[in-house]
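Chemist: pasting the structure only:
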């Protein structure tokens, strides 16, 4: 058989021989890298590209079984569904707060205003021990800390969790929400906070 011959070119082959050749061909195909299993994306460049998408900024809060308040700054918050009312955010798997959020019954998404950027920076800083001293807050009905003066607050049941690569996706079922329309939201773009300019009368 010549190197360019196919199974159909060799009618004298037995069924067993054809099956053996087919098995070898499949094994060779499996061994070849395909676009789906090649890491062709540079992680740093990918992160920088994602940064070109402006996002809002929120502080997610909950409370541990021992009563300790926990909060962290995110820009991964997004709406997911209207019926039922679902929102989603993600947390990197090596976060020391991951297990706390995995096991809590409720959490709150506190969407911060431009005036609260220093608060968001504090909640993102692991060196700040008492983060909740940076902002006034009250406990909601579920015992979850709710930050004052946020542009929007969503109190959520910890509805679903899913694996998302090096992050865990948290889906919250919104049980109540509030808004303050007189505040401008904080915006994160290309690795830094930016101002959102809203023309008068467009709110």
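Modeler: Now that the structure is in, tell me what you want to look at. These figures come from a predicted structure and were not determined experimentally.
Chemist: any regions of this protein where pLDDT drops low?
Modeler: Along the chain, segments meeting pLDDT under 70 span 1-39, 197-203.
Chemist: which of the three states applies to the residue nearest to the spatial centre of the chain?
Modeler: Taking CA atoms, centre = their mean as the criterion, residue 90 is the residue nearest the geometric centre of the chain, at 2.6 Å. At residue 90 the chain is in strand, as set by DSSP: H, G, I helix; E, B strand; the rest coil.
Chemist: shouldn't it be in contact with residue 164?
Modeler: Yes - the pair residue 90 / residue 164 is scored as a contact, 5.9 Å apart, by CB atoms under 8 Å. Glycine gets a C-beta too; all of them are placed from N, C-alpha and C.
Chemist: I'd guessed residue 191 sits against residue 51; true?
Modeler: Yes - between residue 191 and residue 51 a contact is recorded at 5.3 Å, counting by CB under 8 Å.
Chemist: any idea what residue 61 is bridged to?
Modeler: residue 71, residue 108 (DSSP bridges).
Chemist: what separates residue 164 from residue 48, distance-wise?
Modeler: Taking CB to CB, to the nearest Å as the measure, residue 164 falls 20 Å from residue 48.
Chemist: between the two, which one's more packed in?
Modeler: residue 164 (15 against 12; other CB atoms under 10 Å).
Chemist: can you pull the contacts of that one?
Modeler: Residues in contact with residue 164 (CB atoms under 8 Å, 6 or more residues apart in numbering) are residue 90.
Chemist: enumerate every residue touching the residue nearest to residue 190 when sequence neighbours are not counted.
Modeler: Nearest-residue entry for residue 190: residue 51, 4.7 Å, with adjacent residues in sequence omitted and distances by CB to CB, 6 or more residues apart in numbering. The neighbours of residue 51, taking CB under 8 Å, 6+ apart as the test, are 189, 190, 191.
Chemist: need the strands for the protein, in chain order.
Modeler: For the chain, applying DSSP state E gives strands covering 55-56, 58-63, 69-74, 78-81, 86-92, 106-111, 137-139, 145-147, 152-164, 167-179, 187-189, 192-194.
Chemist: between those strands, which one is nearest to residue 126?
Modeler: For the strands of the chain, proximity to residue 126 was assessed by CB to CB; strand 69-74 is nearest, at 9.6 Å.
Chemist: now do that closest one: which elements does it pack against?
Modeler: The contact analysis (3 or more CB pairs under 8 Å, 6 or more residues apart in numbering; DSSP states H and E) places strand 69-74 against strand 58-63, strand 86-92, helix 117-123.
Chemist: hmm, who's touching the shortest one?
Modeler: Counting contacts by CB under 8 Å, 6+ apart, the residues outside strand 58-63 that touch it are 69-75, 77, 89, 100-101, 104, 106-112, 119-120, 123, 137, 139, 143-147, 150.
Chemist: what angle do strand 69-74 and that strand make with each other?
Modeler: Here strand 58-63 runs at an angle of 160 degrees relative to strand 69-74 (axes from the mean of the first three to the mean of the last three CA atoms, to 10 degrees).
Chemist: distance of the residue nearest to residue 190 from residue 196?
Modeler: 16 Å.
Chemist: and stretch 174-188, how far from the chain's centre?
Modeler: Distance of stretch 174-188 from the chain centroid (CA atoms, centre = their mean, to the nearest Å) equals 19 Å.
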